[in-house]
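# take a look and give me a structure for this.
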Amino acid sequence: MAVPGYTMKLQCEVEVINRMLPTFGMRNRGKGNRAVLSIGKHHDRSIKNNSSTIYLLICTLKDKAGCKYKLKGNIEQFFTKFVEEGKATIRLKEPAVDVCLSKDFAIGLGDMT
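Numbering: from 1, shown residues only. As a prediction, this is how the structure comes out:
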């Protein structure tokens, strides 16, 4: 799947955990989905100076259009303690979500170098 403007793609298991759910007495589903992660620039034609913003796009079989998250200035923390086991988490400030990556993504990262 070619996504214009996106330069890096990884295939892996992804679980997006909303950190606000416990505040409302709700729990996450607790299961990841096979997805393609793309990271790249999206040119916003509505901004006059033609600046581009870096986004993380998560596309699954159920949601082929994908979910887009702004990355520049929006990453609160990047958890890589278990990257050798093929696991990592990106904690975003807004929206308050954790993007948990597992299975096969380390292979994709190694292919990029």
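# may I see the buried residues of stretch 91-106?
Using 16 or more other Cβ atoms under 10 Å as the burial criterion, the residues of stretch 91-106 that qualify are Arg91, Leu92, Val97, Asp98, Val99, Cys100, Leu101, Ser102, Phe105, Ala106. The way it works is simple: take the backbone N, C-alpha and C, and place the C-beta from them, glycine included.
# ok, which stretches of this structure are helices?
Using DSSP state H, the helices of the chain run over residues 105-112.
# just want the most central residue of it.
Leu56 (4.7 Å; Cα atoms, centre = their mean).
# how about the nearest residue to it once chain neighbours are set aside, what does it touch?
Distance criterion Cβ to Cβ, 6 or more residues apart in numbering; nearest residue to Leu56, sequence neighbours excluded, is Tyr69 at 4.6 Å. Counting by Cβ atoms under 8 Å, 6 or more residues apart in numbering, Tyr69 touches Tyr55, Leu56, Leu57, Ile58, Leu92, Pro95, Val97, Val99.
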